[in-house]
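Engineer: Below: sequence and its predicted model.
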Amino acid sequence: MARPDSSAVSVLPWPRQLDVGGGSLQLLSSRFETSYEQTSSPRINSAVERFATEVAQLTGLPQVTEDAGVTLRISCEAAGADYPALDEDESYWLVVDDAGIYIDAACDRGVLHGLTTLTQIVSTAGVIPYVAIDDAPRFAWRGLLLDVARHFLDTQALSRTLQGMALCKLNVLHLHLSDDQGFRFPCTSYPKLASATTYSAADLSALVEEAAFFGIRVVPEIDMPGHVSSWLAAYPQWGSQASGESRRFGPHEACLDPTNEDVYTAIGCLFDELADIFPDECLHLGGDEVNPKWWSEAPAIAEFMDANQIADVVGLQAYFNQRVGDLLAARGKTVVAWDEVLQPSLNPDWIVQCWRGATTRDRARANGNRTLVSAHYYLDLNYPVDVHYGFDPLASQTDLVAREDALLDDPRFSHVAAGMRWASQWRQGAIQLASAANSGPVLGGEACLWGELVDSEVLDVRLWSRLPAVAERLWSPAECEDPDELHGRLEHYLTQLHPLRGFDLQARSRAQLHKAGVEDAWLPLIDMLEPVKWYGRLLGEVALQARISGERIPQARPYDADTPLTTIADYLAPESHLARQVDALCAALLDEPGAERAMTELEKLATGWISLHPAAAAPAPLAELAAACGELGRLVIERLQGVPAPQTKAQLAEITAPRGELMVAVGPLLHRWLTESDD
Ligand code: TNX
């Protein structure tokens with residue numbers, strides 16, 4: 001594999017094989033002399049049109065012109081089926097040479113990818129370097145989970161997301177349609193199920209069609225038998241206890257009654273209606289975080305278990321799974337479910353989506369199930385790019401566990417490390433795969449953006465600064481693993497390519513911050529801030545402390561489904577771009593102490609931090625954060641002047657401690673540069 005080299009071309013995700021030739025094509029217009037060999041399809045035609053329009057946008061070159069245009073030859077063996085499916089051939093060849101552009105693919109999904117890559121290598125000056133690219137994804141399932149249940153995401157937001165997904169070659173949109181706080185599928189047989197704010201059947205069908213045009217599958221999830229407060233608010237007879245609708249976040253006790261035949265009748269109707277709208281082979285039925293309390297408390301359920309020789313609540317969930325799995329199989333669907341469904345009797349045809357840490361993947365594989373990896377791709381945790389990028393879906397369990405452990409010692413997460421350690425309980429029952437060859441295959445993975453703190457307004461800023469990194473992890477060869485190199489391409493992607501699909505994260509974030517009362521004068525501070533990590537925001541200080549000290553977690557949280565998401569923490573990018581640039585300067589200094597340009601730039605930034613004085617009217621934690629940032633500036637200046645700083649680690653811990661939901665972002669290299677003589 002050619003190693004990624006952003007200096008020549010900046011493609012994201014990086015292709016399987018890319019060779020840059022000696023010359024380049026110069027476009028004189030954004031018109032292309034297009035010819036189709038073998039077959040074409042409406043999808044290809046519209047992708048070619050989109051390509052030409054985006055080239056026009058990027059270069060400013062006219063589409064209507066006297067110029068004959070550069071030759072674009074497209075050879076596609078077969079148009080794909082109407083709807084994309086798992087395991088389609090997505091490979092393509094892209095050659096640019098003095099004869100023009102040539103794309104060759106087995107089916108139209110490959111042509112789409114080829115055109116996307118081509119868009120990425122056109123420069124703003126209209127130059128296309130000669131390349132020979134032989135590309136295919138490493139994994140067939142490259143998904144994004146959006147949680148539209150906790151907060152409704154409007155159809156424009158979803159449609160925009162599809163366009164962005166296509167640009168980084170993601171191919172599955174997993175819609176988490178139901179949860180305790182909302183049910184967003186308009187079930188006509190049970191009209192009380194859907195929340196007041198929901199999609200119409202027409203909205204969802206339009207989404208499926210649009211996705212198919214981009215080669216993206218839409219996999220719906222209806223979460224059961226837990227996470228069902230919204231169902232039981234409408235149909236209380238489906239639970240063994242009563243529960244009202246819930247706006248609260250965090251796991252709930254509400255649970256469907258697996259002994260009630262009406263429940264299966266309703267679910268069958270629901271599956272029929274889902275199948276009418278979602279053509280995909282797969283349907284996700286959740287299965288996560290089931291609290292068996294209600295089941296244990298109901299005498300009728302105990303009788304049922306006795307009569308059916310079901311030993312315990314684990315067996316009862318297995319019984320439920322089998323019943324709903326049969327309903328889906330009868331409709332020709334493949335079941336996907338979260339890793340809590342794992343147990344020896346699990347149907348080997350189910351696809352298991354692993355989210356609970358480094359070890360559930362191999363439990364699923366050892367069981368023979370096909371698996372999806374999501375554990376390390378939770379975008380709602382506000383982690384920086386390098387964290388997600390570092391976890392490979394096929395890395396050994398030992399490597400994954402070591403990486404998880406390393407996060408606990410990473411200074412960027414020290415404010416939540418004790419809480420993160422709590423998740424190591426998921427390692428119980430870990431299995432070492434005897435042989436990967438005889439195990440269930442890893443189909444790929446999904447980035448997950450759980451929606452407790454995400455609505456249509458903040459979606460883009462929460463999602464996009466890190467999603468392309470997960471997309472690359474799932475598409476590109478495992479050897480693409482240098483996060484610093486990725487950052488160069490990611491920046492090009494976000495600033496130059498992403499705007500072609502209607503995104504401008506920086507402008508969006510800035511406009512939102514202004515609305516939240518942030519003045520321009522504070523931007524040098526704001527740019528050094530990040531929202532707190534892991535579940536710090538969602539749990540809030542009290543619940544976080546309880547989790548850390550092992551006490552019972554209080555149910556009260558700072559947020560519920562009605563809390564407006566309108567604070568600085570909502571509008572800030574999860575990873576500070578400026579902090580990353582500071583880290584790059586520190587990398588230069590660690591490499592070459594005294595490097596002049598890096599010293600000058602750092603000094604300028606540090607001086608700026610020292611002089612930050614937000615007005616008294618600044619929103620709540622800004623004054624404290626400015627003081628902390630000033631402290632950081634002083635440490636940097638002292639270090640630049642060679643003053644020994646024996647207390648730096650302790651001082652840094654104080655500087656980066658959260659103030660409310662925000663913290664001063666200190667990257668690992670700034671931390672190292674400041675503390676390396678501090679022993
Ligand atoms: C656990 S991940 C959940 C979700 C929450 C998420 C974040 C999974 C399968 N279940 O219901 O949104 O944590 O709080």
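Structural biologist: Received, thanks. Numbers count the residues shown, from 1 in each chain.
Engineer: any idea whether the residue of the stretch 501-650 of the chain found nearest the ligand is helix, strand or coil?
Structural biologist: When scored by CB to the nearest ligand atom, the stretch 501-650 of the chain has residue 538 as its residue closest to the ligand, at 5.9 Å. C-beta here means a position set from N, CA and C on the backbone, and glycine is covered the same way. Using DSSP: H, G, I helix; E, B strand; the rest coil, the structure places residue 538 in helix.
Engineer: my read: it touches residue 563, true?
Structural biologist: No - with contact defined as CB atoms under 8 Å, residue 538 does not reach residue 563; the gap is 10.9 Å.
Engineer: Comparing the two, which residue is more hemmed in?
Structural biologist: Remark: of residue 538 and residue 563, residue 538 carries more neighbours, 19 against 14, as counted by other CB atoms under 10 Å.
Engineer: Please name the residues that touch the more buried one.
Structural biologist: Shown in contact with residue 538 (CB atoms under 8 Å, 6 or more residues apart in numbering): 249, 380, 452-453, 557, 559.
Engineer: repeat for residue 230
Structural biologist: 149, 178-183, 193, 195, 245-246 are the contacts of residue 230 under CB under 8 Å, 6+ apart.
Engineer: can I see the domain layout of the chain?
Structural biologist: For the chain, automatic domain parsing gives the domain ranges 17-135, 173-193+216-338, 505-675.
Engineer: could those domains go into JSON lines alongside mean pLDDT?
Structural biologist: Formatted as JSON lines, those follow (pLDDT from 0 to 100):
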{"stretch": "domain 17-135", "mean pLDDT": "95"}
{"stretch": "domain 173-193+216-338", "mean pLDDT": "97"}
{"stretch": "domain 505-675", "mean pLDDT": "92"}
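Engineer: got CSV for the ones you listed, with distance to residue 400 too?
Structural biologist: Shown next, in CSV, are the domains of the chain (distance: least, CB to CB, whole Å):
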stretch, distance to residue 400
domain 17-135, 24
domain 173-193+216-338, 18
domain 505-675, 17
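Engineer: do you know which of those lies nearest residue 418?
Structural biologist: Checking those against residue 418 by CB to CB gives domain 505-675 as the closest, at 4.1 Å.
Engineer: now that closest one, how far from the centre of its chain.
Structural biologist: 23 Å (CA atoms, centre = their mean, to the nearest Å).
Engineer: distance between the ends of it?
Structural biologist: End-to-end span of domain 505-675 (CA to CA, to the nearest Å): 33 Å.
Engineer: swap in stretch 194-201?
Structural biologist: Stretch 194-201 end-to-end distance (CA to CA) = 12 Å.
Engineer: Could you pull up the residues touching the residue of the stretch 201-350 of the chain found nearest the ligand?
Structural biologist: Residue of the stretch 201-350 of the chain nearest the ligand, by CB to the nearest ligand atom: residue 288 (3.5 Å). For residue 288, the contacting residues are 223, 226-227, 338-340, 355, by CB under 8 Å, 6+ apart.
Engineer: As CSV, these with secondary structure, distance to residue 35 and neighbour count would be great.
Structural biologist: Converted to CSV, the contacts of residue 288 look like this (DSSP: H, G, I helix; E, B strand; the rest coil; distance: CB to CB, whole Å; neighbours: other CB atoms under 10 Å):
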residue, secondary structure, distance to residue 35, neighbour count
223, strand, 48, 26
226, coil, 55, 24
227, coil, 52, 27
338, strand, 48, 23
339, helix, 49, 24
340, helix, 53, 19
355, coil, 47, 23
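Engineer: what's the closest of those to residue 639?
Structural biologist: Using CB to CB, these come closest to residue 639 at residue 355, 40.8 Å.
Engineer: is it true that the closest one touches residue 338?
Structural biologist: Yes - under the criterion of CB under 8 Å, residue 355 makes contact with residue 338 at 6.1 Å.
Engineer: Can you read off the pLDDT for the closest residue to the ligand within the stretch 1-150 of the chain?
Structural biologist: The ligand sits closest to residue 147 of the stretch 1-150 of the chain, with a gap of 6.2 Å, by CB to the nearest ligand atom. At residue 147, the pLDDT value in this model is 98.
Engineer: Near it, how many other residues are there?
Structural biologist: By other CB under 10 Å, neighbour count at residue 147 equals 24.
Engineer: and residue 414, what does it touch?
Structural biologist: Counting by CB under 8 Å, 6+ apart, residue 414 has contacts 653, 656.
Engineer: Apply 7 Å and report the result again.
Structural biologist: By CB atoms under 7 Å, 6 or more residues apart in numbering, the contact list for residue 414 reads residue 653.
Engineer: do residue 94 as well
Structural biologist: 103, 114, 117-118, 131, 133.
Engineer: you'd agree it is in a helix?
Structural biologist: No - Residue 94: not assigned to a helix; according to three-state DSSP it is strand.
Engineer: neighbours of the closest residue to the ligand within the stretch 351-500 of the chain, just the number please.
Structural biologist: Nearest residue of the stretch 351-500 of the chain to the ligand (CB to the nearest ligand atom) works out as residue 450 at 3.5 Å. Here the number of neighbours of residue 450 (other CB under 10 Å) works out to 21.
Engineer: go on, residue 488?
Structural biologist: 17.
Engineer: so where does it fall, helix or strand?
Structural biologist: helix 483-492 (DSSP states H and E).
Engineer: What lies in contact with that helix?
Structural biologist: Contacts for helix 483-492 (CB under 7 Å, 6+ apart): 4, 6, 10, 12, 385-386, 389, 468-469, 472, 580.
Engineer: Restricted to helices, list the residues you listed.
Structural biologist: 385-386, 389, 468-469, 472, 580 (DSSP state H).
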